[in-house]
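S.K.: build me a model from this:
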Amino acid sequence: MRHFILLLGILVCALIISGCVQQTTSDSSKVSTSNKIPINSQSLSSTIDITSNPSNGQVYLDNEFKGNTPTTIKQVSMGPHKIEVRISGFQTWNTSFEVNPENSTLRFSPTLKKYPRGITDDGIYIYVDNMCDIIMEYGVPPNIKTVKREELGNKLIKVEDKTGVFQGKFSMMYPERHGNCIFSLEIYQGPNLLGSSGIKLKDPETQITFSIDTATGVLEDLKKS
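M.R.: The predicted structure follows:
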């Protein structure tokens with residue numbers, strides 16, 4: 001009987017000790033979990049180093065002025081952004097990017113394209129440098145303009161109508177005065193040369209024609225007829 005009571009006592013003590021150990025382990029796990037510090041993605045940021053060619057370009061981040069190149073922009077928040085560089089007389093450079101924890105520093109070094117021939121934006125332009133009297137008919141049908149050489153002014157024509165296919169045609173104005181009429185034609189979209197040609201009109205029956213898709217900026221081949 002004594003042995004039975006002693007065995008029962010040992011069993012009860014073992015159960016009590018086991019419960020205490022489990023409780024301690026559980027409490028320790030809870031404490032460890034509660035002490036974890038969550039990462040706040042909003043507190044993360046990136047640094048942007050930007051230079052440009054030419055330098056002294058105006059830098060805009062999400063349409064907010066940030067200084068002139070070269071410059072450093074600090075504490076740029078996580079997520080998508082747009083950055084651009086503006087210089088008078090040059091095509092604006094811009095790009096979109098995203099800041100994440102893996103890119104703590106971003107670097108940009110754009111080279112900006114200079115606008116030629118007095119062009120000031122990314123529209124479609126026609127430049128005519130002529131050495132004789134010509135007539136130019138141009139426009140998007142049915143709105144066709146007729147311009148004589150002396151009316152070209154600075155020799156630069158901007159395609160204002162963007163509703164269809166722009167058409168141009170050259171012909172001699174006073175064929176009896178010229179054995180050959182020579183001039184050059186350049187067509188631009190912003191700073192990008194779409195096409196150019198040195199043109200010779202030999203007689204009054206000869207005409208030069210071309211067309212431009214104003215939606216895509218695609219230049220059709222210059223044709224002589």
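S.K.: what comes up buried for the helix or strand hosting Phe210?
M.R.: Using DSSP states H and E, Phe210 falls within strand 208-213. Buried residues in strand 208-213, counting neighbours by 16 or more other C-beta atoms under 10 Å, are found at 208-212. C-beta: built from backbone N, CA, C; applies to glycine.
S.K.: any chance of JSON lines for these, columns distance to Thr47 and pLDDT?
M.R.: JSON lines is the format used below for the buried residues of strand 208-213 (distance: C-beta to C-beta, whole Å; pLDDT from 0 to 100):
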{"residue": "Ile208", "distance to Thr47": "55", "pLDDT": "79"}
{"residue": "Thr209", "distance to Thr47": "55", "pLDDT": "83"}
{"residue": "Phe210", "distance to Thr47": "49", "pLDDT": "82"}
{"residue": "Ser211", "distance to Thr47": "49", "pLDDT": "86"}
{"residue": "Ile212", "distance to Thr47": "44", "pLDDT": "85"}
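S.K.: neighbouring strands - and their directions - for the strand or helix carrying Ser196?
M.R.: In this structure, Ser196 sits in strand 192-201 according to DSSP H and E. When sheet partners are counted by DSSP bridges, strand 192-201 sits next to strand 181-189 (antiparallel).
S.K.: now the partner strand - C-alpha only, CSV.
M.R.: The C-alpha trace of strand 181-189 is given here as CSV (Å, rounded to 0.1, in the frame of the first residue of the first chain):
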residue,chain,number,x,y,z
CYS,A,181,15.8,74.8,-109.9
ILE,A,182,17.8,73.4,-107.0
PHE,A,183,16.8,73.3,-103.3
SER,A,184,17.0,71.1,-100.2
LEU,A,185,14.2,69.7,-98.2
GLU,A,186,14.4,68.4,-94.6
ILE,A,187,11.5,66.9,-92.6
TYR,A,188,11.8,66.6,-88.8
GLN,A,189,9.8,65.3,-85.9
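S.K.: run through who's touching that strand.
M.R.: When contacts are defined by C-beta atoms under 8 Å, 6 or more residues apart in numbering, strand 181-189 is touched by residues 116-117, 119, 122-134, 170, 172, 175, 193-202, 208, 210, 212, 217, 219, 222.
S.K.: show me the contacts for Val147.
M.R.: Val147 is in contact with 135-138, 157, counting by C-beta under 8 Å, 6+ apart.
S.K.: quick one: secondary structure of it?
M.R.: strand (DSSP: H, G, I helix; E, B strand; the rest coil).
S.K.: residues in a beta bridge with it, which ones?
M.R.: With DSSP bridges as the rule, Val147 is bridged to Met136.
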